[in-house]
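Asker: Provided below for reference: sequence and predicted model.
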Amino acid sequence: MDFSVFLNSYQRGCLPSSLFFLTHLLLLLQPRVLCSEEIRVVGHEEPILAHVGDEAEFSCHLSPYRDAEHMEILWFRSQASNVVHLYQEQQQFHGWQMKQFQNRTQLITDDIADGSVTLRLHRVVPADQGLYGCRFLSRNFTGEATWELEVADVFLPGTSPWKRAFLGTLVGLPLLLALLMMLVLYFFRKQRKSQEKLKKQAEKDKGKLTAELGKLQVELDWRRAEGQAEWRAAQRHAVDVTLDPGSAHPSLEVSEDGKSVFSRRTAPGSENPQWFSEQTCVLSRERFSTGRHYWEVHVGRRSRWFLGVCLAAVPSARHARMSPATGYWVMGLWNSCEYFVLDQHRVPLSVRVPPRCVGIFLDVEAGKLSFFNVSDGSHIFTFTDTFSGMLCAYFRPRAHDGSEHPDPLTICPLPVGEKRVLEEEDSDAWLQPNESSNPALGLW
């Protein structure tokens, strides 16, 4: 005898009480007692055919007829543990059902007193097809009957709900497709409008940027033209400047014509590694106290150089413990990449085209000293100050920069225009900023 259904029921706790289960189990373990008349369970002799969506009825009865109201009646699929429906102690236990049969069975007990019962299965599906059975169980009797359920798909019968569903699908599918197409077109148009809006905004921003760049280019061209005009105007005040060999540092060599200065190669370790720890400059013979004066210096491809003007009275100011940068207006290049001016503090410069020749324009009365890039005629920088003494041109090629044949600093020949007021001093008291412990002026 198969007791799996009862063991499973006890584990699930769905029977009224454990006491009832034990009593029931003892009854099953008792020897089977046969009545004087053999009792059997009669089911379906032929397979049951049901259509998808229809109902199927599983009928079974006892033969000969006898009251089954107090019996346990179990409908199962394939084996007793697969419960389709359970009737026990005049109650129905739906919690035992397999999940696929829940809320789909209906027990008809109108003739249970005669031993006849019917189980109605609603909404048949293809998965319901298979072997089914009905088992009657009492104290002195147990018996069962089995049969097959065959399921067929039906689409055309007039009373079948599947026909209505199929026809409804045929009618609704085109509407659904049309709705989907409308949604696709709607989102497509929305996306297209969004893209067009972004494209217009991008074109608008591009136009604004182009306009701004155009304005900047116009301003740049204007400033460049203005700088070139200023440079051409300065060239009209060209003067003849020569170097004073007597003012040259011993590490420098001045050419015989007084137009070029070289850095001699020194012995290793003889030069202090600090930038301006050596007084390595040379001054011009000419001294300027009034007027406008312009000269050009070819710097070539030297990696280090300094050009400008200084006051002739700086030595006496140094004795008065004035700042070593006072009285110097200098522009320079360091290590081939950093252009700057010294105006109390080091100020970096942005140079678009590296100058190979630097133009220097001094306007004493206006208090201006301007530097120009002769390579493209652009303005580099202008000092604005009050010159309170005699000025001279300042040249500093710095120490040997390591190249095989370093370019000298050379004063370029220029056509001298109107008469200039030049003053010469034959003095060995050449000017050179000294060392300083002030970090802001430590470049000297």
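Answerer: Here it is on my side, so go on.
Asker: tell me where the model's unsure across the stretch 251-400 of the chain.
Answerer: Where the stretch 251-400 of the chain drops to pLDDT under 70, the residues are 265-279, 314-325, 344, 399-400.
Asker: would you map the helices across it?
Answerer: 314-319 (DSSP state H, counting those that start in this stretch).
Asker: need the mean per-residue confidence for stretch 218-233.
Answerer: Here stretch 218-233 scores 78 as its mean pLDDT.
Asker: now do that stretch: everything it contacts.
Answerer: Contacts made with stretch 218-233 from outside it, assessed by CB atoms under 8 Å, 6 or more residues apart in numbering, are listed as Gly359, Phe361, Ser370, Phe372, Val374, Gly377, Ser378, His379. In this view, the C-beta of every residue, glycine as well, is placed from N, C-alpha and C.
Asker: which one of the residues you listed is nearest Thr169?
Answerer: Of all the contacts of stretch 218-233, Ser378 has the smallest distance to Thr169: 81.4 Å, by CB to CB.
Asker: so for that closest one, what's the nearest residue that isn't a sequence neighbour?
Answerer: Excluding its sequence neighbours, the residue lying closest to Ser378 (CB to CB, 6 or more residues apart in numbering) is Gly227, at 5.1 Å.
Asker: now, among the contacts of stretch 218-233, which is nearest to Ala113?
Answerer: Ser378 (120.2 Å).
Asker: doesn't Ser350 make contact with that closest one?
Answerer: No: contact criterion CB atoms under 8 Å: Ser378 and Ser350 do not qualify, at 11.2 Å.
Asker: pick out whichever of these two has more residues nearby.
Answerer: More neighbours surround Ser378 than the other of Ser378 and Ser350, with 18 against 6 (other CB atoms under 10 Å).
Asker: contact partners for the more buried one?
Answerer: By CB under 8 Å, 6+ apart, the contact list for Ser378 reads Arg224, Gly227, Gln228, Trp231, Arg352, Val353, Phe372.
Asker: what's the helix or strand for the residue nearest to Ser378?
Answerer: helix 161-235 (DSSP states H and E).
Asker: ok now that helix, how far from the chain's centre?
Answerer: Put simply, helix 161-235 sits 22 Å off its chain's centre (CA atoms, centre = their mean, to the nearest Å).
Asker: ok, stretch 364-375 next?
Answerer: Its chain's C-alpha centre and that of stretch 364-375 lie 49 Å apart, by CA atoms, centre = their mean.
Asker: pull out the buried residues from that stretch.
Answerer: Residues of stretch 364-375 classed as buried: Val364, Lys368, Leu369, Ser370, Phe371, Phe372, Asn373, Val374 (neighbour count, 16 or more other CB atoms under 10 Å).
Asker: of all those residues, which two lie farthest apart?
Answerer: Taking every pair in those and measuring CB to CB, the maximum separation is 22.9 Å, between Val364 and Asn373.
Asker: from Leu179, how far out is Ser284?
Answerer: Look at Ser284 and Leu179: by CB to CB, to the nearest Å, they are 93 Å apart.
Asker: so those two - more neighbours on which side?
Answerer: For Ser284 and Leu179, the more surrounded residue by other CB under 10 Å is Ser284, and the numbers stand at 23 against 11.
Asker: and for that one, nearest residue in space, chain neighbours not counted?
Answerer: Residue nearest to Ser284 in three dimensions, not counting chain neighbours: Ala393, with 3.6 Å by CB to CB, 6+ apart.
Asker: quick one: Leu409 and Asp257, what's the gap?
Answerer: Leu409 is 14 Å from Asp257, where distance means CB to CB.
Asker: about what we covered before: which pair of the contacts of Ser378 spans the longest distance?
Answerer: Most distant of the contacts of Ser378, by CB to CB, are Trp231 and Arg352, 14.5 Å apart.
Asker: of the two, who's got more company?
Answerer: More crowded of Trp231 and Arg352, by other CB under 10 Å: Trp231, with 21 against 11.
Asker: returning to what we had before: what's the closest of the contacts of stretch 218-233 to Ala56?
Answerer: Nearest to Ala56 among the contacts of stretch 218-233: Ser378, at 101.1 Å, using CB to CB.
Asker: that closest one pairs with what?
Answerer: Asn373 (DSSP bridges).
Asker: and Ser138, its phi and psi?
Answerer: Note on Ser138: backbone dihedrals following degrees, to the nearest 10 are phi -140, psi -170.
Asker: OK, contacts around it?
Answerer: Residues in contact with Ser138 (CB under 8 Å, 6+ apart) are Ala68, His70, Met71, Glu72.
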